[in-house]
Every structure is written in structure tokens, then in C-alpha cells.
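**Student:** could you work out the structure for the sequence below:
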Amino acid sequence: MKAMTKLMFTLVVLGLTFTSCSDDGSSLPEEEQSVDISEVALSSEVDAAASVIGDIIIDAYEGQESDALNRTDGQQSGLPDCVTITVVVQQGFREVTVDFGTEGCEVHGHVLKGQIVFSYTRDPEAQEILISYSLVDFFFDTKNIIGSKTLLKQLSNDNGNPQFTHTLDLTVIWPNGAQASREGVKEKEWVEGFASGVWSDNVFEISGYWTTTFVNGNMHSYEVVTPLRREVICFYFVSGSVDVQRTNFGGVFDYGSGDCDNEATFTTNNGNVIDVLLN
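**Tutor:** The predicted model follows:
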């Protein structure tokens, strides 16, 4: 019988425990398995933070490009009025500060504080734009996010769609002291909505690979098996799967088949299936 265990993550901690049953047993002690599963869940919270940060940068960039080109049919921003955007323009340079304030501003279902500061340069010959960003006193819900890296926009990939390649270098600190660092590369293909001028109908498909290292030294490696579908009107990935591996432990984290909900599953290498409710 496959193990079916439901985890409710409000504030997930590394000491989370759960019970399961299996005819063939488990290759890991229950305590060690619970730590591994909770770390997978914490990593999914890092995924959510990285995705929203990317969405916001793309949204603000597209809005500034529309303004710079005096386009009347430009992208309608998905950012609320509590977000302040400041632009510094110099010859060949443009710096954008997206400020969420110190009290908290709700964006895409999450409370954000602090600033995202980015600048960008164009390579007309290569049809690419390089966006460099940094996070300043930035909080995603109750988590402190530290990092600075790049997004490379291709105006048209092999499928004829815009694509952003996000180089990741983030550190996430939870209020209870849990900490994780994320490095890797995510390719974010803009598959729907990029020509409509309406932010709410945008859909991205994400592929790539990355590692997450926890403060206790545990390292997990991740590779997208099925592209993660990100519909910006939904708080969660609606579909897609990621292969997760670390020494003596691994499996596939699956976000489902298209519904906008907080339900996912983790199937371990030995076939046990664990139901997960995402925070």
C-alpha cells in the first residue's frame, strides 16, 4: 500500500514529522524522512518567492518599455497602487526601483516589503535585453529574501515566444531561523498573453535546474521534468513536475494537471506517494 500522508504547511519547520504506512517499508528512518520532506516543502516556498520576484521584474520592465516607446497599447501593469515605481534615466542606462514600502503591500496574493532595484541594457543585434536586479531589505510574506542576479530576455525563442533566462542566487531566511540558499538557472517562456496588453492573462512555462542548500548543510538538486505552468492569476504552479535528489533520498514533486489549487504530491524513489498542501 502506498504511503498517503497529508502535510499542512502554515509555517513549515525543519522538525516537521508525519506518519505513513508501506508494505515494503522505507529506506530511511522516519525522522530523517520527515526532515527531507519538510525541506522539499521549504524549497517549494523558495520556488514561489523566486517566481513572484521574476513576475514583478518582467511586469515593471514591460511597463517601462511601453512608457519609453510612448506606446498607447502597452502592457497593463498587474501591480497594485501600493507599489511605487521610480525611474532614473541616463543616456544608455535606465534604473527602475520597485518599492513595496515598509508596512507591507499585497502583490499576487503575497505581502511584500522592501525594494527590487533593476537596470537593463539592450543588444539589438542579438535581440536580447539583459536585466540586472538586486533586492533591498526585501521580505516575501514573513521570509527575508536576499539576492542579486540577472534576467536575460530573448525577444523570440525557437517557438517564436519571448523568453527570460533567470540566473538564480537567492538566500531565504524564515522567521524561525530556517535558512536556504538557491543557485541555478530557470528558463521562463512566455507562452500566452504577451501580445494582449493585459497582465492577468499571462502564462509562463518554466524549465531549468537548480540546487538548494540548507543551513544544516543538506543540499538538494532539482531538475524540471515537465515544464512548470505559471498562470499569473494563480498563487501556485498549476501543473508540472520537478525531480528532487539528495544522497539516499529523492523523488518527483508534482504540482498537478492544471487546476489552480494548493495541492501537490511527492513521489519518493521507492514509490511512496505523499500528498502535500502548499503554504
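**Student:** the residue most central in space within the chain: what secondary structure?
**Tutor:** Central residue of the chain (C-alpha atoms, centre = their mean): Ser51, 2.7 Å from the mean position. Following DSSP: H, G, I helix; E, B strand; the rest coil, we place Ser51 in the helix state.
**Student:** correct me, but it touches Arg229?
**Tutor:** No - using C-beta atoms under 8 Å, Ser51 is not in contact with Arg229, being 11.2 Å away. Where you see a C-beta, it was placed from the backbone N, CA and C, and this is true even at glycine.
**Student:** who touches both of the two?
**Tutor:** Here Ser51 and Arg229 have Ile206, Phe237 as joint contacts, going by C-beta atoms under 8 Å, 6 or more residues apart in numbering.
**Student:** before we move on, back to that, and the residue nearest to the residue nearest to the centre of the chain when sequence neighbours are not counted, what does it touch?
**Tutor:** The spatial neighbour of Ser51 that comes closest, neighbours along the chain excluded (C-beta to C-beta, 6 or more residues apart in numbering), is Arg230 at 5.9 Å. Residues counted as contacts of Arg230 (C-beta under 8 Å, 6+ apart) are Ser51, Asp55, Lys188, Val203, Phe204, Glu205, Ile206, Phe237, Val238.
**Student:** tell me, how many residues neighbour the second one?
**Tutor:** The reference is to Asp55. Using other C-beta atoms under 10 Å, Asp55 is surrounded by 20 other residues.
**Student:** ok, the last one next?
**Tutor:** For Val238, the neighbour count with other C-beta under 10 Å is 18.
**Student:** residues contacting it?
**Tutor:** Counting by C-beta under 8 Å, 6+ apart, Val238 has contacts Arg229, Arg230, Glu231, Tyr255, Gly256, Gly258, Asp259, Cys260.
**Student:** quick one: the second one from Pro175, how far?
**Tutor:** Spelled out, that is Arg230. Using C-beta to C-beta, to the nearest Å, we find Arg230 at a distance of 26 Å from Pro175.
**Student:** same deal with the third one?
**Tutor:** With the distance defined as C-beta to C-beta, Glu231 ends up 29 Å from Pro175.
**Student:** for the helix or strand where Lys149 lies, list the C-alpha coordinates in PDB.
**Tutor:** Secondary structure assignment for Lys149, by DSSP states H and E: strand 143-154. C-alpha atoms of strand 143-154 as PDB (Å, rounded to 0.1, in the frame of the first residue of the first chain):
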ATOM      1  CA  LYS A 143      10.500  35.400   4.800                       C
ATOM      2  CA  ASN A 144      13.600  37.700   4.300                       C
ATOM      3  CA  ILE A 145      14.900  37.200   0.700                       C
ATOM      4  CA  ILE A 146      18.500  38.300  -0.100                       C
ATOM      5  CA  GLY A 147      20.000  38.300  -3.600                       C
ATOM      6  CA  SER A 148      21.100  40.000  -6.800                       C
ATOM      7  CA  LYS A 149      21.300  38.400 -10.200                       C
ATOM      8  CA  THR A 150      20.100  38.700 -13.800                       C
ATOM      9  CA  LEU A 151      17.300  38.100 -16.200                       C
ATOM     10  CA  LEU A 152      18.100  37.800 -19.900                       C
ATOM     11  CA  LYS A 153      15.200  38.400 -22.300                       C
ATOM     12  CA  GLN A 154      15.100  36.900 -25.700                       C
END
